[in-house]
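>>> here is the input, now give the coordinates:
(2 chains)
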Amino acid sequence: GENVEQHPSTLSVQEGDSAVIKCTYSDSASNYFPWYKQELGKRPQLIIDIRSNVGEKKDQRIAVTLNKTAKHFSLHITETQPEDSAVYFCAARYNNNDMRFGAGTRLTVKP
Amino acid sequence: DTGVSQDPRHKITKRGQNVTFRCDPISEHNRLYWYRQTLGQGPEFLTYFQNEAQLEKSRLLSDRFSAERPKGSFSTLEIQRTEQGDSAMYLCASSAGQGGNQPQHFGDGTRLSIL
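Residues are numbered from 1 along each chain as shown, chains lettered A, B, ... in the order given. Coordinates of the predicted model:
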């Protein structure tokens, strides 16, 4: 079936460093790619999204890049802070309706 | 508006019992989604509604699962004859607009534990 692969599964960085999380998708018709942050015991929260008509989107310390030809997209967090520690999920809209999520990346930012 | 709300937050029941969860979406959102999330995994799509119409169901949704959204507002998800494998977090999300490429906003979920 259609899958979204996400890596790495865990990522540890020093405060102030950058973090990059990568995802690949298989459905070439996918055209919407959100990223969610989920803290322990809390709901997934949308942090940024990108549509297929652009290659990059930035919001303060967070940016997402999309390569439609290669079918991969990445989340970039700069100047990381301890409060960025959480599980991050990428997703791709599949079959025009449902969303397929990656398995998540546990990011730890060490002070 | 306080966002998507789900009730109950936790449900513990014995295997074989029926359970029902409720989701109240953001008031102006006409799309409502149900997902299941197990530990260490991303949310898995179960089904979604456009207003009161249930437009798609995942193959994950066995015939023991049924969802309704009778007036196009709140939705219920019922699981009949629960099994231990049903233990998971059940998440609801809603979005605005007619297409599927609008941001989905999640509730806090209902954590189901089957004894």
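>>> just give me the neighbour total for the residue of chain A found nearest chain B.
Closest to chain B within chain A is residue A:101: 3.1 Å, counting by CB to the nearest CB. Quick note: C-beta positions are derived from backbone N, CA and C, even for glycine. When neighbours are defined as other CB atoms under 10 Å in any protein chain shown, residue A:101 has 22 of them.
>>> ok, it - contacts?
Going by CB atoms under 8 Å, 6 or more residues apart in numbering or on different chains, residue A:101 touches A:4, A:36, A:89-91, B:42-44.
>>> swap in residue A:44?
Counted by CB under 8 Å, 6+ apart, residue A:44 has contacts A:36-38, A:89, B:43, B:91, B:106.
>>> ok, back up a step: which among the contacts of residue A:101 gets closest to residue B:73?
Each of the contacts of residue A:101 was checked against residue B:73 using CB to CB; the closest is residue B:43, at 22.2 Å.
>>> I'd assumed residue B:35 was in contact with that closest one.
Yes. At 3.8 Å, residue B:43 counts as touching residue B:35 under the criterion of CB atoms under 8 Å.
>>> overlap in contacts, the two.
With CB under 8 Å, 6+ apart, residue B:43 and residue B:35 have common neighbours B:91, B:106.
>>> near the residue of chain B found nearest chain A, how many other residues are there?
Residue nearest to chain A within chain B (CB to the nearest CB): residue B:42, separated by 3.1 Å. With neighbours defined by other CB under 10 Å, the count for residue B:42 comes to 22.
>>> surely it touches residue A:89?
Yes. Using CB under 8 Å, residue B:42 makes contact with residue A:89 at a distance of 4.8 Å.
>>> the helix or strand containing residue B:56 and chain A, any residue contact?
If you go by DSSP states H and E, residue B:56 is part of strand B:53-57. Yes. Using CB under 8 Å from any CB of the partner chain, we find that strand B:53-57 touches chain A at B:55-56.
>>> which SSE is immediately downstream of that strand?
Taking DSSP H and E, what comes next after strand B:53-57 is strand B:65-68.
>>> what strands line up against that following strand, and which way round?
Counting by DSSP bridges, the strands paired with strand B:65-68 are strand B:75-79 (antiparallel).
>>> adjacent strands (with direction) for the next helix-or-strand element following the partner strand?
For strand B:75-79, the following helix or strand on the C-terminal side (DSSP H and E) is strand B:88-95. Strand B:88-95 has its sheet partners listed here by DSSP bridges as strand B:31-37 (antiparallel), strand B:105-106 (antiparallel), strand B:110-114 (antiparallel).
>>> just the pLDDT at residue B:19, thanks.
At residue B:19, the pLDDT value in this model is 98.
>>> could you measure from the residue nearest to residue B:90 when sequence neighbours are not counted over to residue A:60?
Counting by CB to CB, 6 or more residues apart in numbering or on different chains, residue B:90 lies nearest to residue B:110, which is 4.8 Å off, once chain neighbours are set aside. Plainly put, residue B:110 is 33 Å away from residue A:60 if you go by CB to CB, to the nearest Å.
>>> these two - which one has more neighbours?
When neighbours are counted by other CB under 10 Å, residue B:110 and residue A:60 differ, and residue B:110 comes out ahead with 22 against 9.
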